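**Student:** Fold the following for me, if possible:
(2 chains, ligands or ions: 2)
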Amino acid sequence: MASTTHANPNSYYLPAPSHWPVVGSVAVFLLMLSLVMWMNDVNGGLLVMAAAFAVMLYFLFGWFGTVIRESESGLYNKQVDVSYRWAMSWFIFSEVMFFAAFFGALFYMRALSVPWLADAETGDLLWQGFKSAWPVSGPGIEETFTPMGAWGIPAINTLILLTSGLTVTWAHWGLKKNNRGQLTFGLLLTIVLGLVFLSLQVYEYVHAYRDLNLTLASGAYGATFFMLTGFHGFHVTLGTIMLIVIFFRALKGHFTPERHFGFEAVSWYWHFVDVVWLLLFVLVYWLV
Amino acid sequence: MEAVHGHDHAHDHHGPTGIMKYLTTTNHKDIGSMYLWFSFSMFLLGGAMALVIRAELFQPGLQIVNPEFFNAMTTYHGLIMVFGAIMPAFVGFANWLIPMQIGAPDMAFPRMNNWSFWLLPPAALLLILAQFTPGGPAGVGWTLYPPLTIQQGMSMDLTIFAVHILGMSSIMGSINIITTVLNMRAPGMTLMKMPLFCWTWLITAYLLIAVMPVLAGAVTMLLTDRHFDTHFFNPAGGGDPVLFQHIFWFFGHPEVYIIAIPAFGVISQVIPAFARKPLFGYSSMVYATASIAILSFLVWAHHMYTVGMPVQAQLYFMFATMLIAVPTGVKVFNWVATMWKGSMTFETPMLFAIGFLFLFTIGGFTGLVLAITPVDVQLHDTYYVVAHFHYVMVAGALFSAFAGIYFWLPKWIGKMYDEGLGKLHFWLSFIFFNLAFFVQHFLGLAGMPRRIPDYSLQFTDFNMVSTIGAFGFGLSQLLFLYIILKAIRSGEKAPQRPWEGADSIEWTMLPTPAPYHSFEKPPVIR
Ligand code: HEM
Ligand SMILES: [Cu+2]
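**Tutor:** Ligands and ions are numbered 1, 2, ... in the order given. Alright, predicted model coming up:
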């Protein structure tokens, strides 16, 4: 078959050999190695980490740049589009399962291990006087902490994320109506809301460490609180970066009212992050 | 749909050559071969570790290695065999076969496909580095239970990150496989017309995407407990080491089916080909596989009967576990019924498939024995468990991989292997496998604990037999390497359809050897 770079609605695009995957592997390897070095106080850990991030950036720009170029030159037909939809859905499912592990840990500690530590048998043998409660740091931790209230920053953050879900949908409507102003403005609003959310989250963490004595080391509550909200915040950060990329692509004139899966993928991701937050708000902040 | 190729290098083979070809390839066949060779080298590495274990256990007392090193060997043997040898082997099959069996030009995401593979060597490298860190390699067992894992040195962190990378690779590979099966089938290739191997991988990929992130969560908690003062697994902070076991086995039990289900797929294609009869009960095979997958999420605590659980939970997990035997039994009976009144011949792939059938069934039965809570309280962490899972993983998954290699090699390289040597490989493997592992049932029933470098005198005879079997088995695999290399170098030219009973479309619609891009134009499926 003759080689062609033109869009052919009947053909599935198969990329030529590419060096990006191997670059990505180098980046991942360096990153993991540097984390191990850093955690174990090995000299040079931060240096390796810097190198890892450099390679990672090169990799991300290179690979996604290629994909965007291919997409913009019309190489992806309908069937490729469907492939991307399946892939993004399953990727989000994998993320759901990752969070499920941590929600599972929260459930287990609250409903099972903390009460067990206080029940008659264990309590009498090991931890006399320990009473089951939540939030709690655990029977062996002397330091006390104040739990994070739900109705301050967390409630505001809930509103912010919910609103950002609306703005991104509004941007999507703009895109479908080919109203580019609405598209870019909606995206901009979403990004700003994401950034405000993140800033408030940082503020909350500082507050927790400085004023509430609530840290990662605060036993069951501290561990689940920071790991769940921390991974969520990490995902919001990724989502915001993705939104920023989409924003600049929109400014450059990418996406058409019919074909814009890049946009949709990011908005799916954003909604996913939103739903996780709602669970967090209810299970971590509210029901204490 | 037809395929277009970016710049079309790959198409006329004018693309990168030598090592660059493999570093950059986007071709499912190249990537499949890399997976298979990687798997085989990990198999040799993990095998060498197993032989260290067996050598130490040849006699009671400590003779060859110190206990710490012995523990490290059991740990890395398990991790390398599960994540480095068996899983990549079947991903290799998936890469080679799925596009050819559904009438697609390639996988849905060829570049990501290459990345999934190239994440494996860095992970292997981390595991190898873990052997040489201050404090020595971690000796915690492949199940990574805390609190021991919390107390290990730097090698534990390397291992944790290796697991993370392996998880990334599996998730991307699985997304690719699911998308390929769902979206790349030729017109007319309905789901229920697909060769069973594709079905088994569709289901396996789903399992992988569901549980690899859970494992990632578990090892992340280990990491933060180790370095960032969290107390997930520390009762002083309200946590519980048993929590780790729950999360790990929520991953771990589906994981054993991640290993077993693609093996079922291979067997479901080999047996009909040599019985010269269509697979008995195709749709019941699909439903049985799906039920196994669903049930596999609901039985994890059968690995934890001895850690202390309410009696109601023990009962539930016991009965749920036994329930899995029902769909598994459906599969076994279907394979047997396929052979019933078939005109069978016994070439090497069929020998391995029948070996699988007998030995996997034994492994399934010992699984049922272990599922019975009061029995397992006796047998847990004894050599009986070791025997059980080697029957399902070695004689099950590995034998099925051998069956698949001998079966499809002619299609892949266009040359035949040496049938006589293949049969020899089977018989050596079969005999030495049973020598190595059958006696372990007796050792376990008599109370010999696993993962301990020394044992009481009365266990000596069976241990000697087991060690002899293990070394025989290991050496026989070098014969396998020789057979494959010989076939590649100087094998006889394979006929278009070396197995007259094989009728999936990679045999009936593609030339032998298969062209570089499988189906440029989608075939028409009746
Ligand atoms: C009918 C099917 C099966 C049943 C009822 C079953 C049951 C069990 C039970 C109850 C245990 C725990 C024993 C103990 O630690 O005390 C166990 C262990 C194990 N099984 Fe199975 N099993 C089955 C099939 C499989 C398959 C297909 C595989 C893999 C291909 C497998 C791999 C394993 C492994 C690796 C372990 C040991 C894990 C460890 O502690 O390191 N099993 N099985
Ligand atoms: Cu299990």
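
**Student:** by contact count, what packs against the helix or strand hosting A:Phe185?
**Tutor:** A:Phe185 is part of helix A:180-207, with elements assigned from DSSP states H and E. Where contact means 3 or more Cβ pairs under 8 Å, 6 or more residues apart in numbering or on different chains; DSSP states H and E, helix A:180-207 is packed against helix A:153-176, helix A:219-251. For the C-beta atoms, the positions are set from N, CA and C on the backbone; glycine is no exception.

**Student:** Buried residues, that helix. List them.
**Tutor:** Within helix A:180-207, the residues that qualify as buried by neighbour count (16 or more other Cβ atoms under 10 Å in any protein chain shown) are A:182-184, A:186-191, A:193-195, A:197-198, A:200-201, A:204-205.

**Student:** Look up which helix or strand whatever residue of chain B ends up closest to ligand 1 falls in, please.
**Tutor:** Shortest chain B-to-ligand 1 distance, computed as Cβ to the nearest ligand atom: residue-wise this is B:Gly367, at 2.5 Å. If you go by DSSP H and E, B:Gly367 is part of helix B:348-371.

**Student:** right, and the helix or strand after that helix?
**Tutor:** Past helix B:348-371, the next helix or strand by DSSP H and E is helix B:373-379.

**Student:** average model confidence for that following helix?
**Tutor:** The average pLDDT within helix B:373-379 is 96.

**Student:** how far away is B:Ile354 from B:Asn95?
**Tutor:** Separation of B:Ile354 from B:Asn95 (Cβ to Cβ, to the nearest Å): 27 Å.

**Student:** Tell me which of the two has more neighbours.
**Tutor:** B:Asn95 (29 against 22; other Cβ atoms under 10 Å in any protein chain shown).

**Student:** Test my guess that the more buried one contacts B:Lys29.
**Tutor:** Yes - the pair B:Asn95 and B:Lys29 qualifies as a contact (Cβ atoms under 8 Å) at a distance of 7.4 Å.

**Student:** which ones are touching residue 156?
**Tutor:** Just going to use chain A. By Cβ atoms under 8 Å, 6 or more residues apart in numbering or on different chains, the contact set of A:Ile156 is A:Leu200.

**Student:** looking at chain B here, not the other one
**Tutor:** Contacts of B:Met156 by Cβ under 8 Å, 6+ apart are B:Ala130, B:Ala138, B:Val140, B:Thr149, B:Leu222, B:Arg226.

**Student:** Quick check: the gap between it and B:Thr133.
**Tutor:** 9 Å.

**Student:** would A:Tyr12 count as being in a strand?
**Tutor:** Yes - according to DSSP: H, G, I helix; E, B strand; the rest coil, A:Tyr12 belongs to a strand.

**Student:** how close does it get to A:Pro21?
**Tutor:** Counting by Cβ to Cβ, the gap from A:Tyr12 to A:Pro21 is 19 Å.

**Student:** Report the distance from the helix holding B:Gly367 to the chain centre.
**Tutor:** Centre-to-centre, helix B:348-371 and its host chain are 15 Å apart (Cα atoms, centre = their mean, to the nearest Å).

**Student:** Return that helix as CSV; C-alpha atoms alone will do.
**Tutor:** Only the C-alpha atoms of helix B:348-371 are listed here, as CSV (Å, rounded to 0.1, in the frame of the first residue of the first chain):
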residue,chain,number,x,y,z
THR,B,348,4.2,-31.3,21.2
PRO,B,349,1.6,-28.5,21.7
MET,B,350,-1.0,-31.1,22.4
LEU,B,351,1.2,-32.9,24.8
PHE,B,352,1.7,-29.8,26.8
ALA,B,353,-2.0,-29.0,26.6
ILE,B,354,-2.9,-32.4,28.0
GLY,B,355,-0.1,-32.1,30.6
PHE,B,356,-1.8,-28.8,31.5
LEU,B,357,-5.1,-30.4,31.8
PHE,B,358,-4.0,-33.1,34.2
LEU,B,359,-1.7,-31.0,36.3
PHE,B,360,-3.8,-27.9,36.4
THR,B,361,-6.7,-30.0,37.6
ILE,B,362,-4.6,-31.3,40.4
GLY,B,363,-3.7,-27.8,41.3
GLY,B,364,-7.4,-26.8,41.2
PHE,B,365,-8.2,-29.7,43.6
THR,B,366,-5.5,-28.8,46.0
GLY,B,367,-6.9,-25.2,45.9
LEU,B,368,-10.2,-26.6,47.0
VAL,B,369,-8.6,-28.4,49.8
LEU,B,370,-6.9,-25.2,50.9
ALA,B,371,-10.2,-23.3,50.6
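
**Student:** Which secondary structure element is home to the closest residue to B:Ile203 other than its chain neighbours?
**Tutor:** Take B:Ile203 and drop its neighbours on the chain: the residue closest to it by Cβ to Cβ, 6 or more residues apart in numbering or on different chains is B:Ala293, 4.8 Å away. Assigned by DSSP H and E, B:Ala293 falls within helix B:282-295.

**Student:** got the residues of the stretch 201-350 of chain B near ligand 1?
**Tutor:** B:Val256, B:Ile259, B:Ala260, B:His302, B:His303, B:Thr321, B:Ile324, B:Ala325, B:Thr328 (Cβ under 6 Å from any ligand atom).
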